[in-house]
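>>> Generate coordinates for the sequence data below:
(one chain, ligands or ions: 1)
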Amino acid sequence: MGLHILILGGTTEARTLAGALAEGRHAVVLSLAGRTRAPMAQPVPTRIGGFGGAEGLARTLRDEGFDLLIDATHPFAARISENAAIASRATGIPAFALRRPPWERRPGDLWTCVDSVKTAVAALGTAPRRVLLAIGRQEAAVFEAAPQHTYLVRSVDPVDPPLMLPDVRYILATGPFGEADEQALLIEHRIDSIVAKNSGGSATYGKIAAARALGIAVILVERAAGHALPAVGTVEEALARIDHVSAPERKRGV
Ligand code: NAP
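This is a model prediction of the structure:
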């Protein structure tokens, strides 16, 4: 008998982990927030939409008989991660986070690190800049406070409503984004500043490497302080941890 596992997803890592577990002995459900209009096909059964806060998540864990909760949401999805920690504590159902480590500054990086998207707006300064905005669409509207810049906004789904800015263009695209393509994009649009989140991982690192190569400034939004769950950094470590959690249950089954 395997474990009944709920993975909170919306990331490449969650999909990869689900794929690695799909053919095994565990029964896995992947949960998505439902933000993306056309989510990618997933390798395991999927549920979509919020649970109704930490209590709703706790109820789902209990009522549906889950043995393990894995928070594999995006490092900037703070509320669901907090809810996961609370629900695990409330139910006693074990939980851990799969969270890719943040990018580290390398020689040549022209980073200004800020603690929120709002602070990133101020960090752009008053002089007009040509900005690649790569923070997703949910918080893009805060840049309406700095209409002096020219913006190229990249997101998976359209920014809706469109931004009230005089000079803005949109690109719809889903990663991974390679360094060479990112360099070409930055040159084509004469970008001099990138605003990005320190998401970590390789899928969106291309723009960071391209900025370094071209001497372009990056305003990097850092993550908030970590939440309460123990965390692993890779899918392999997550699989080892699942083995560890299922070990007593495996002995019982023999
Ligand atoms: P958030 O602020 O932490 O979560 C807001 C609410 O959305 C949660 O309270 C929960 O609603 C629901 N929710 C979030 N993730 C969920 C999941 N995997 N399954 C079911 N419900 C979920 O999250 P967010 O920043 O809006 O991000 C939403 C999703 O997009 C996340 O799953 C994340 O992995 C993905 N994502 C986010 C970013 C980013 O930069 N924030 C980037 C890429 C992907 P209830 O309280 O009703 O349960």
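
>>> Read off the pLDDT value for whatever residue of the chain ends up closest to the ligand.
Proximity of the chain to the ligand (Cβ to the nearest ligand atom) peaks at G50, 2.3 Å away. Quick note: C-beta positions are derived from backbone N, CA and C, even for glycine. We note a pLDDT of 98 for G50 in this prediction.

>>> beta partners of R154?
Assessed by DSSP bridges, R154 has beta-bridge partners I171.

>>> Next up, the contacts around it.
132-134, 170-173 (Cβ atoms under 8 Å, 6 or more residues apart in numbering).

>>> For this structure, what lies in contact range of the ligand?
Residues of the chain found near the ligand (Cβ under 6 Å from any ligand atom) are 8-11, 31-33, 35, 50-53, 56-57, 73-74, 76-80, 83, 136, 197.

>>> Now restrict the residues you listed to buried residues only.
When the residues of the chain next to the ligand are checked for burial by 16 or more other Cβ atoms under 10 Å, the buried set is 8-11, 31-33, 51, 57, 73-74, 76-77, 80, 83, 136, 197.

>>> coming back round to it: of the contacts of R154, which pair is most distant in space?
The span of the contacts of R154, defined through Cβ to Cβ, is set by L132 and L172 at 14.1 Å.

>>> Same drill for these two, tell me which one is more crowded.
Shown here are L132 and L172; by other Cβ atoms under 10 Å, L132 has more neighbours (25 against 12).

>>> Verify the contact between that one and I187 for me.
No: contact criterion Cβ atoms under 8 Å: L132 and I187 do not qualify, at 11.5 Å.

>>> For the residue nearest to L133 when sequence neighbours are not counted, grab the count of nearby residues.
Spatial nearest neighbour of L133, chain neighbours left out: V153 (4.6 Å); criterion: Cβ to Cβ, 6 or more residues apart in numbering. Neighbours of V153 under the rule other Cβ under 10 Å: 24.

>>> Since that was my last question, I'll sign off now.
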